[in-house]
Structure formats: C-alpha cells, structure tokens
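Visitor: Need a 3D model of the following:
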Amino acid sequence: MSETQEAALPQAKEKSFLERRGELILRTLVPIGVVAVLVLVWYVGVKVSGVPPYILPGPAAVVASLFNDWGTLAPAFWVTTKITMASLALALAGGVGIAIFLVQSRWIEIAFYPITVILQVTPIVAIAPLILIYAPSTQVALLICAFLVAFFPILSNMVQGLKSVDHNLLNLFDLYGASRWQTLLYLKLPASLPYFMTGLRIGGGLALIAAVVAEFAAGSAGAGSGLAFRLLESQYRMNIPRLFAALLLLSCLGVAIFAITSFISWLSLHRWHESSLKREN
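Guide: Just a heads-up that it's a prediction; the model follows:
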C-alpha cells in the first residue's frame, strides 16, 4: 500500500463514522419532530375548538393524569408487561420447537399444521370464555390467550425458514455424512434466522394486543388487573384524561417491544444478511 493510500485510509474511516453518526441522528430526530408536531396540532386544536376535557383532553391534561394516577396505572402497566413478555417467551419456545417438529417429515406437517392454522384463524374473543372456564386462574387464561395469538407468526415464519434452506447446501451436508441433527444445528437453524426474526417482531406486537384483548374479554378487576381494565374503568367513570394516559402507556410499551425486537434482529443479521447490510445505492 502506498503512502498516499495509507494517509487517505484514516480520513475515509472518519468520514464513514461521521456519515453513520449523521444518519443515526437524522433517523432519531425526524420521528421525534413528527411526533412533536402532531402533539402541537393536538394542543392547538383543543385550545381553539374549546372541546371539554371529558370529550377530548389536551396533552397537558393527559400528562397531568399520568402523574396524578401513577399509583393506579403503574401496577396495571406492570401486569400487562409481565403477561406480554411471558406469552412472547412461551410463543418463541413453542413456535420454534413445533416448527422443528413439523419439518422433520412431510406427513407430520400435513397432519399437524392444519391444527395450528385453526387455532390462528379462530378469533381469540370467541375462545377466551372457554379458556377462562378451564384455566386455573384469570392470569393463566390471559397468558394462554396472548400465547395463542403470538404463537402462529413465529411458527409459520420458522417453518418457512427451515424449508427455505439452499438444496445445494443440503446435498453438501449429505455428501459429508452429516446427521439430521448436525444439519439442523449447523445449517437449517442459522439459515432460518432471518425468518425467525421477522416472526419475533410480529409476535411481540401481537402478544401485547392479545393480552389487552384477552383482558377485555375476561373483564378482570382488582389488584391483579392490567391496563385494559383501567381503560374500561376510565371509560365508565368518564375519566378521559386517565384513559388517554393508559393508552399512552400501552403505546410506549408497544414501541419499546418493537424497538427491542428490531435491535435484536439487527444485532443478529447486520453482519451477514442482505436485509440488514448497508448498501451504497
């Protein structure tokens, strides 16, 4: 390497670092700016129209309710978070495990895959009452409902990933005498990782939605109730600022789940997969 090239190398690295940092700042500031503009429009609209707070509260009233009612909303937020995370963890374990089981044989997939489809297409609101009857407690029923909704996207994406392995690589593993488990561990599972990450992102959002819908169907109340009950309670009492505050907490939880799952996906794929590699054009 010539002296000119050696001198230009640190400058190129510094330029690349500045470009990445500028892009990161831009990707952070633009969404925050859009949200700030929407909140400002909301604030001005409420002020100009004179809508009473029991119909549409302003941002200040929602923030005030969030602080004033934190003692009520925080335990409910924690309950919803626990149910969502536990159901997502069960859906990950169950989806991956059953997907591995289904792809072992074409006849196994033909026999059992329709059952998973039936569970997915049946509305959770329709089977929630049955789950509430047979489950040992309301919390277990909510966990089962959230699991059923988050489970299928992970399963279907994982099955598709395990079946999409390059056949040339499969033939190469067969040529070298790899066992079925070696092929699964060293070829199929790594190759299906992008599909699994897609299912993870989808399942994370659906687990939260299912937890809220299941609690609506259960109508549970008391110390162990989640944010869904606080939404209903605020509606019945016409405490609309608290209702908006509960919705804000649910939205923040959903955004946090999406951000965490997206970061995990990027961390797993950004060094080698086309979907996460930075392109020049």
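Visitor: Remind me which helix or strand the residue nearest the centre of the chain belongs to.
Guide: Centroid-nearest residue in the chain, with CA atoms, centre = their mean: residue 204, separated by 2.3 Å. Assigned by DSSP states H and E, residue 204 falls within helix 193-218.
Visitor: where's that helix relative to the chain centroid, distance-wise?
Guide: Put simply, helix 193-218 sits 6 Å off its chain's centre (CA atoms, centre = their mean, to the nearest Å).
Visitor: buried residues in that helix?
Guide: 193-215, 217-218 (16 or more other CB atoms under 10 Å). For glycine as for every other residue, the C-beta is placed from the backbone atoms N, C-alpha and C.
Visitor: Also stretch 66-80?
Guide: So stretch 66-80, judged by 16+ other CB under 10 Å, has buried residues 66, 69, 73, 75, 76, 77, 79, 80.
Visitor: Who's the closest spatial neighbour of the second one, skipping the chain neighbours?
Guide: Okay, so that is residue 69. Once flanking residues are discounted, residue 69 sits nearest to residue 242: 5.2 Å by CB to CB, 6 or more residues apart in numbering.
Visitor: can you pull the contacts of the one you found?
Guide: 65, 69, 72, 73, 230, 234 (CB atoms under 8 Å, 6 or more residues apart in numbering).
Visitor: now the residues you listed as JSON lines including pLDDT, secondary structure and distance to residue 263?
Guide: Shown next, in JSON lines, are those (pLDDT from 0 to 100; DSSP: H, G, I helix; E, B strand; the rest coil; distance: CB to CB, whole Å):
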{"residue": "65", "pLDDT": "90", "secondary structure": "helix", "distance to residue 263": "31"}
{"residue": "69", "pLDDT": "90", "secondary structure": "coil", "distance to residue 263": "31"}
{"residue": "72", "pLDDT": "87", "secondary structure": "helix", "distance to residue 263": "31"}
{"residue": "73", "pLDDT": "90", "secondary structure": "helix", "distance to residue 263": "26"}
{"residue": "230", "pLDDT": "88", "secondary structure": "helix", "distance to residue 263": "29"}
{"residue": "234", "pLDDT": "88", "secondary structure": "helix", "distance to residue 263": "32"}
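Visitor: Could you find which two of the residues you listed are furthest from each other?
Guide: Farthest apart among the contacts of residue 242 by CB to CB are 65 and 230. That separation is 11.2 Å.
Visitor: Pick out whichever of these two has more residues nearby.
Guide: Ranked by neighbour count (other CB atoms under 10 Å), residue 65 and residue 230 place residue 230 first, with 28 against 23.
Visitor: does the more buried one really touch residue 72, like I thought?
Guide: Yes - between residue 230 and residue 72 there is a contact under CB atoms under 8 Å: 6.8 Å.
Visitor: that older thread, remind me what the helix holding residue 204 packs against, helices and strands.
Guide: Judged by 3 or more CB pairs under 8 Å, 6 or more residues apart in numbering; DSSP states H and E, the packing partners of helix 193-218 are helix 70-102, helix 124-134, helix 138-163, helix 227-236, helix 240-269.
Visitor: between the ones you listed, which gets nearest to residue 61?
Guide: helix 240-269 (4.5 Å).
Visitor: tally of neighbours for the closest residue to residue 215 other than its chain neighbours?
Guide: What sits nearest to residue 215 in space, not counting adjacent residues and going by CB to CB, 6+ apart, is residue 228, at 3.6 Å. Using other CB under 10 Å, the number of residues around residue 228 comes to 24.
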